[in-house]
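S.K.: Any chance you can model this:
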Amino acid sequence: MTDTHVVLSGSDRPRKHDAERISDVDPASAVEVTVTVRGPDLPQVAPGKSMSREELERSYSASQADMDAVAEGLADYGLEVLDSAPSVRSLRVRGSAAQMDAAFRANLGIYRHNGHEYRGREGSLEIPAGLEGIVTGVFGLDQRRVARRVPGIPPTQEPAEAVAQGALSPADLEERYRFPAGEAEGQTVAIAEFGGAYFPGDLTTFCRQQGRAEPTVRQVGLGVPVLTEQQVMALPPTQREQVLGEAGEVNMDVQIVAGLCPAADIVVYFATWDQKGWIDLLNDVVRGVPAGAVAVSVSWGLSEDSTDFSPAARRIIDHRLQAAALLGVTVCVSAGDDGSGDQLDDGRAHVNFPACSPHVLAVGGTQLEGDSEVVWWQTPGRRRDGGGSTGGGVSRVFPQPSWQTVEVRPPDGSGVTGRIIPDIAALAGPPYYQLVLLGRAAPNGGTSAAAPLWAALIARSAAALNPPRAPVFLAPLLYGAGPDGHPLGTSVCRDITSGNNTSTPPGWGFSAGPGFDAVSGWGVPDGPPLVGTQMAPGAAAAQT
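M.R.: Predicted structure coming up:
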């Protein structure tokens, strides 16, 4: 074994803001990490085309020689490989904290932030010199949270039952957004979760109230236990309150998909809320474990500028999203619920990651004002302080993809020209969605609700194709020419032209207007024309 180490590029992480290191980690404590490995460069996503999972694995997996070299190099430090997956260029590795420190020079510690303790680190990792250029990332040493969603609708004087009276049912949503006929037979929709719990009894109640069949729901725990309602209620009060708040969001995701796709299979992934959780979850999506999904709903994220993400993590997460897009999987990601500032207080505008990845369908939010649908905005524009508003804007991290043939300039004159989000939108604010939690009416919304709605629409559209055809990643098609020569987004979406997403800070935001904009994208669903976009540009007209 050699003691020569080199810095792992992209692994640098500063100490979490306001966190305090309170002790070293117990050197005997067990630690599991995901180690990622190099592989051939993925091709760019070609609008209207996809490849098979077999082709992706055959041409773009990590080499077995590299996988073996990593396993052998880490075995010198006593680390054990639990799983080796060349198709997603990853190894799951276990060992003691002392062995991890020796292998990666992590200097692990216990940190306290806002009353919560977690295992963490700061600075750059180092890897054995023999693995330089082979290992691209080591994730799971630091367990700080990089998955956020703010639960609940703004405080109201009305009881939940009264709010629920005006909330929209699945039938209302189908009518408003002109969903294609059918129940998504033969389709699988995946839902990504980083906390909370799913309550089957609430889904049964919801489906019975809505007159819908109850779909098959499978839960997959990735490094976390899959909690039952009884286990949640038995937790200590503070922990129970947190899990119940997140459970409201989880059950919202499931019920929205279930109400619109009662014949689909639903897979709910529960992962750790750190960088490792994102990568492990997306690895399973790409591998099609336990089943290949036509669409994935993701209602979690964090500002792309947050220093809690390492550069390597952003890169590896985006790589997995690119692989999913190449397979024709549309990952629908909520654009955030905190307006133009995205919960950062530095006076600049920000966008949410992974919504700003060029390999996802970024989903913004709307609300109803009488008979009109407008951009979602409730004072003061970010949920942390009360009412929220849709995320949206221009990325500073990801360049604008070649297929995104639109232009939006930030009002502050910064000249930023990166990836613009959202691509599209759907209901997020009042009058909210009809939902059930703990057996009672629990109306809710946010772009966290708009993302599963779009995932459900994509599944319904895929099921409506006759004859059946392989799905494709939806986002690039919206910007290409449709049958009338205009961008396809103008014919498969209903334009939203009123509203903005100003939050304070920064005190300004982006506004809606005719055509594409950075708060509602191309607009809200106009279902039947969407069916044809599952295949290729220009196909929509033939399907309507």
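S.K.: What about Pro483, how many residues nearby?
M.R.: As a burial measure, Pro483 scores 16 neighbours (other CB atoms under 10 Å). Glycine gets a C-beta too; all of them are placed from N, C-alpha and C.
S.K.: Quick check: it touching Pro529?
M.R.: No - applying CB atoms under 8 Å as the test, Pro483 and Pro529 come out as separate, 9.3 Å apart.
S.K.: Show me the strands in the stretch 301-450 of the chain, by range?
M.R.: Using DSSP state E, counting those that start in this stretch, the strands of the stretch 301-450 of the chain run over residues 302-303, 330-334, 352-353, 361-369, 372-375, 393-399, 418-421, 424-427, 436-437, 440-441.
S.K.: next one: the stretch 101-250 of the chain
M.R.: Remark: strands assigned in the stretch 101-250 of the chain by DSSP E, counting those that start in this stretch are 109-113, 116-120, 126-128, 135-139, 188-193, 216-222.
S.K.: quick one, what contacts Arg21?
M.R.: Applying CB atoms under 8 Å, 6 or more residues apart in numbering, we find Arg21 in contact with Arg15, Gly109, Ile110, Tyr111, Gly120.
S.K.: To what extent is the third one buried, counted in neighbours?
M.R.: For Ile110, the count of nearby residues is 16 (other CB under 10 Å).
S.K.: so who does it touch?
M.R.: Neighbour list for Ile110: Arg21, Ile22, Ser23, Asp24, Val25, Glu117, Tyr118, Arg119, Gly120 [criterion: CB under 8 Å, 6+ apart].
S.K.: Got the confidence number for it?
M.R.: Predicted confidence (pLDDT) for Ile110: 98.
S.K.: any idea how far Asp142 is from it?
M.R.: 11 Å (CB to CB, to the nearest Å).
S.K.: Mind listing the shared neighbours of the two?
M.R.: By CB under 8 Å, 6+ apart, the residues touching both Ile110 and Asp142 are Arg119, Gly120.
S.K.: Who are the contact partners of the closest residue to Ala313 other than its chain neighbours?
M.R.: Spatial nearest neighbour of Ala313, chain neighbours left out: Gln275 (4.2 Å); criterion: CB to CB, 6 or more residues apart in numbering. Contact partners of Gln275, counting by CB under 8 Å, 6+ apart, are Phe139, Gly140, Asp142, Val146, Phe309, Ser310, Ala313, Ile317.
S.K.: Could you chop this protein up by domain?
M.R.: Structural domains annotated on the chain: 5-139, 183-492+499-543, as defined by automatic domain parsing.
S.K.: can you map out the helices along the stretch 301-450 of the chain?
M.R.: Remark: helices assigned in the stretch 301-450 of the chain by DSSP state H, counting those that start in this stretch are 311-326, 447-464.
S.K.: And for the stretch 151-300 of the chain?
M.R.: Along the stretch 151-300 of the chain, counting by DSSP H, counting those that start in this stretch, helices occupy 160-166, 170-176, 200-210, 229-233, 237-260, 275-287.
S.K.: which one of those helices is the most hemmed in?
M.R.: Greatest average neighbour count among those goes to helix 275-287 (a mean of 25), per mean count of other CB atoms under 10 Å.
S.K.: then that helix to CSV, C-alphas only?
M.R.: Output in CSV follows, covering the C-alpha atoms of helix 275-287 (Å, rounded to 0.1, in the frame of the first residue of the first chain):
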residue,chain,number,x,y,z
GLN,A,275,-25.1,14.1,-2.4
LYS,A,276,-24.8,10.3,-2.2
GLY,A,277,-28.6,10.0,-2.1
TRP,A,278,-29.0,11.9,-5.4
ILE,A,279,-26.5,9.8,-7.2
ASP,A,280,-27.7,6.4,-5.8
LEU,A,281,-31.3,7.3,-6.8
LEU,A,282,-30.5,8.4,-10.3
ASN,A,283,-28.2,5.3,-10.7
ASP,A,284,-31.3,3.1,-10.1
VAL,A,285,-33.4,5.3,-12.5
VAL,A,286,-30.8,4.8,-15.3
ARG,A,287,-30.5,1.1,-14.6
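S.K.: and that helix with strand 188-193, angle?
M.R.: Computed by axes from the mean of the first three to the mean of the last three CA atoms, to 10 degrees, the angle separating helix 275-287 from strand 188-193 equals 180 degrees.
S.K.: what angle do helix 275-287 and strand 216-222 make?
M.R.: 130 degrees.
S.K.: Isn't Asp24 up against Asp101?
M.R.: No - look at Asp24 against Asp101 with CB under 8 Å: they stay out of range, at 9.4 Å.
S.K.: Residues that sit against both of these two, list them.
M.R.: Contact criterion CB under 8 Å, 6+ apart; residues bridging Asp24 and Asp101 by contacting each: Leu108.
S.K.: Could you give the bridge partners of Ser84?
M.R.: Under DSSP bridges, the beta-bridge partners of Ser84 are Leu91.
S.K.: which residues does it contact?
M.R.: Listed by CB under 8 Å, 6+ apart, the contact partners of Ser84 are Met67, Ala71, Leu91.
S.K.: Next, work out how far apart it and Gly73 are.
M.R.: Distance from Ser84 to Gly73, by CB to CB: 13 Å.
S.K.: what does the model give Gly538 for pLDDT?
M.R.: Per-residue confidence (pLDDT) for Gly538: 36.
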